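In: sequence and predicted structure below; questions after.
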Amino acid sequence: MTKTLKPIRTIFISFLILIILWQLAINFGGMNTALFPSPLKVFNAFVGLATKGLSGSTTDAILWVHIKDSLLRFLIGYFLAAILGIGFGLLLGWFPKAFSYVNPIVQLIRPIAPVAWLPFLVLVIGIGNMPAIAIIFIAGFFPILLSTVKAVVNVDPVYLKVAKTFGLTQLQTIFKIVLPAAFPQIFHSLHLALGTCWIFLVSGEMVGSQTGLGFLLMDAKNTMRPDALLAVIITIGLIGLILDHAIGLLEKTIRKTWGFGG
């Protein structure tokens, strides 16, 4: 019980220190509270967003509706990036000659910031959910793909010799030998891609979406509500923290259940 509560206590103390420093900056830093509101004012704005929505907004949706829509877009884009990134990564890592032809194209597209695709995506597929989902997919796909290819290429040849000795087919070797051996590096890329995808979700929702945390962020700016703006920013950070913790627990569960990476 004590071991479980220790991380919670650490997080609570960390946030408490942040709030105290924030309030001290308001009291003694000569801050303009109209532009940099106090923690209490931001908390009241959060309650207002959660119960009534943003006054003066173009939508009457409350905060939980925006969170739900953002999470839905995020999960669709992220899981598509993870499934296709790992799938193609395993395939191209297993056939390195094929990857040598694909790699130049990947290296050409990969450095382009996902948000740079946004105007083109809006022109091609219009506004709504799809541009944000596409941005999330682009943000996650290439890091996962390249990390998976590298993980497969770096699998110890001894494992492959053992598979050959036992007469495993190529498909059996990939899923029973290569995937478990490459799991730590693959999951590390999934962990990093999760944070990146969450960041670009907000960027994608700022243009073309009519709901979501990114949309609400821009709406709070347009209505000149710094308290609501900070409340949304903190909400985005807290959800990101929860998602990061959740994927860490998922990794531990997979390791314990199937022994991947052990």
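Out: Thanks, I have the structure now.

In: which residues touch the helix or strand harbouring Thr173?
Out: Taking DSSP states H and E as the criterion, Thr173 maps to helix 170-173. Outside helix 170-173, the residues within contact range by C-beta atoms under 8 Å, 6 or more residues apart in numbering are Trp94, Leu160, Ala163, Lys164. Quick note: C-beta positions are derived from backbone N, CA and C, even for glycine.

In: rerun that using 6 Å as the cut-off
Out: Contacts with helix 170-173, where a contact means C-beta atoms under 6 Å, 6 or more residues apart in numbering, come from Ala163.

In: separation between Phe175 and Gly248?
Out: Distance from Phe175 to Gly248, counting by C-beta to C-beta, to the nearest Å: 24 Å.

In: now the helix holding Thr173: how far from the chain's centre is it?
Out: Relative to its chain's centre, helix 170-173 lies at 31 Å (C-alpha atoms, centre = their mean, to the nearest Å).

In: stretch 141-152 now?
Out: Distance of stretch 141-152 from the chain centroid (C-alpha atoms, centre = their mean) equals 17 Å.

In: what does it contact?
Out: 81, 85-86, 88-90, 92-93, 99, 110, 178, 182, 185-186, 189, 193.

In: which residue ranges of the stretch 51-200 of the chain form helices?
Out: 63-94, 96-109, 118-125, 129-153, 157-165, 170-173, 179-205 (DSSP state H, counting those that start in this stretch).

In: hey, which of these is tucked in deepest?
Out: helix 129-153 (a mean of 23; mean count of other C-beta atoms under 10 Å).

In: what's the angle from it to helix 96-109?
Out: With axes from the mean of the first three to the mean of the last three C-alpha atoms, to 10 degrees defining the directions, helix 129-153 sits at 140 degrees from helix 96-109.

In: what average pLDDT does helix 129-153 get?
Out: Across helix 129-153, the average pLDDT comes to 92.

In: also stretch 239-251?
Out: Here stretch 239-251 scores 89 as its mean pLDDT.

In: pLDDT weak spots in the stretch 101-250 of the chain?
Out: 208 (pLDDT under 70).

In: cutoff 50 now
Out: Counting by pLDDT under 50, the stretch 101-250 of the chain contains no low-confidence residues.
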